[in-house]
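Student: 3D, please:
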Amino acid sequence: MIALFNLRHYLILLVLYVAPALKFLRDGDRGALVFVGSAVGFLFLFSIVCRIAAIRKVPNYQEVIDRTKTWYWMIGVFLVTMAFNRGISFAALAFMSFSALKEYFSLLPMYYPDARGRTLLRRHDRRAILLCYLSIPIMFYLAYVKWYNLYILIVPVYIALLIPFLLVMENQSENFLVSASVILWGVILFVFLLGHSAFLVNLSPLLLFYGIFLTEARDVVVYMFGKATAPVIARHPDSAFWKAYDIRIAPQISPKKNVGSALLTIATIMLMSLAYQPFLPAFPLGRMSVGVSLLIGALVGVMGMVGDLVGSAFKRDLGVKDSGTVLPGHGGVIDRIGSLCFTLPVIFHLCYFLYFPAFHQRGL
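Tutor: Alright, predicted model coming up:
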């Protein structure tokens, strides 16, 4: 039998999980307690899987162990940052945005060509890149003061105008379009879209729990369906059903992703969303309906898949397997949070317009 952590790490993890749970219990936040219990339950299940995989010497079992250990730390830190102080929550989300943007720019070849002989960024692009970093505290401050009407304009309008302005001031035309495109895409993805996580906190911290939980569950579920059905598909090469199931969605981007696993994953996330719907808080116009919870589950299933494929296309284009190594078993920050850039804004806007009409007048 294996031990995932040493005694000191177990004690730290115990504090990370018990302290938020006690806070939620004191506040009578039944929904948050349900999400904490669900997270602990899934982690316990993965721990058992790790032990079985290690005993049976399953191929790549160490990767499963590393993934599970990283999940323990990520969830524990997330619970603490969300439980006690709103300012800490926003600072943690801003740091996540910064880490993703930094990882993104570090992957783009600048001084030296990549395997295809490209340099996607130029040394003259530094001011525009600095602007992207400076936009992070601005955007999260606007989120903190709940000024959504200005937040929604900063990146799509003003940053989008300032980036080409800074680039042309360098008086360099070569690769201008490439630089402008990749810089703007980075700030849109990892600052503007990911920044909607902070506005979910403004609506209700539990909505952020809900959105992240469904999105990360989608990643795990589609992986499990893929692993479980691959041997069955191999044993029935002539079956019409399994041929239809195994139709590849984007084989040049992600060869293993098929239609059947994607549909099963969407259905599973819809059911999970429905299961957690009773524990979500009451909004100004009432509680989330069954229909809306199913719709959110479907949207998370679809947009999470889109985010996953975009991440795969991005890494394949750059010729890298993972976006980084900071998260053992998972890769980089982008590998783990990339799908959130596509799911959290959808959840926010759907809930915002259906259940918070007063925010249209006062700007959230």
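Student: For Asn171, grab the count of nearby residues.
Tutor: 7 (other CB atoms under 10 Å). For every residue, glycine as well, the C-beta is placed using N, CA and C.
Student: Check for me that it belongs to a helix.
Tutor: No: Asn171 is assigned coil when assessed by DSSP: H, G, I helix; E, B strand; the rest coil, not a helix.
Student: ok, so what distance separates it from Leu121?
Tutor: 17 Å (CB to CB, to the nearest Å).
Student: where along the stretch 201-350 of the chain do the helices fall?
Tutor: 205-235, 240-245, 259-276, 290-318, 333-337, 340-355 (DSSP state H, counting those that start in this stretch).
Student: Also the stretch 51-200 of the chain?
Tutor: Counting by DSSP H, counting those that start in this stretch, the helices of the stretch 51-200 of the chain are 61-83, 86-107, 126-144, 148-153, 160-168, 176-187, 196-203.
Student: Alpha carbons of the shortest one, as CSV, please.
Tutor: What it means is helix 148-153. The C-alpha atoms that make up helix 148-153 are tabulated as CSV, following Å, rounded to 0.1, in the frame of the first residue of the first chain:
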residue,chain,number,x,y,z
TYR,A,148,-19.2,45.3,-14.6
ASN,A,149,-20.3,48.0,-17.2
LEU,A,150,-16.7,49.2,-17.3
TYR,A,151,-15.1,45.8,-17.0
ILE,A,152,-16.9,44.6,-20.1
LEU,A,153,-15.3,47.4,-22.1
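Student: Quick one: mean pLDDT over that helix.
Tutor: For helix 148-153, the mean per-residue pLDDT is 92.
Student: Kindly report the same for the third one.
Tutor: Regarding helix 126-144, the rounded mean pLDDT is 95.
Student: Tell me if I'm right that Gly186 and Cys132 touch.
Tutor: Yes: Gly186 is in contact with Cys132 according to CB atoms under 8 Å; the separation is 6.3 Å.
Student: tell me, what's touching these two both at once?
Tutor: Common contacts of Gly186 and Cys132 (CB atoms under 8 Å, 6 or more residues apart in numbering): 101, 105.
Student: Looking only at neighbour counts, state which of those two leads.
Tutor: Cys132 (23 against 20).
Student: distance of Val300 from Asp219?
Tutor: Taken as CB to CB, the span from Val300 to Asp219 is 11 Å.
Student: Of these two, which one has the most company?
Tutor: Val300 (30 against 19).
Student: Now do that one, the pLDDT please.
Tutor: At Val300, the predicted lDDT confidence score is 96.
Student: Contacts only, for it.
Tutor: 211, 214-215, 218, 269, 273, 343, 346-347.
Student: re the thing from before, I'd like the helices of the stretch 51-200 of the chain as CSV, with distance to Gly304 appended.
Tutor: As requested, the helices of the stretch 51-200 of the chain are exported to CSV (distance: least, CB to CB, whole Å):
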stretch, distance to Gly304
helix 61-83, 17
helix 86-107, 16
helix 126-144, 22
helix 148-153, 23
helix 160-168, 26
helix 176-187, 19
helix 196-203, 15
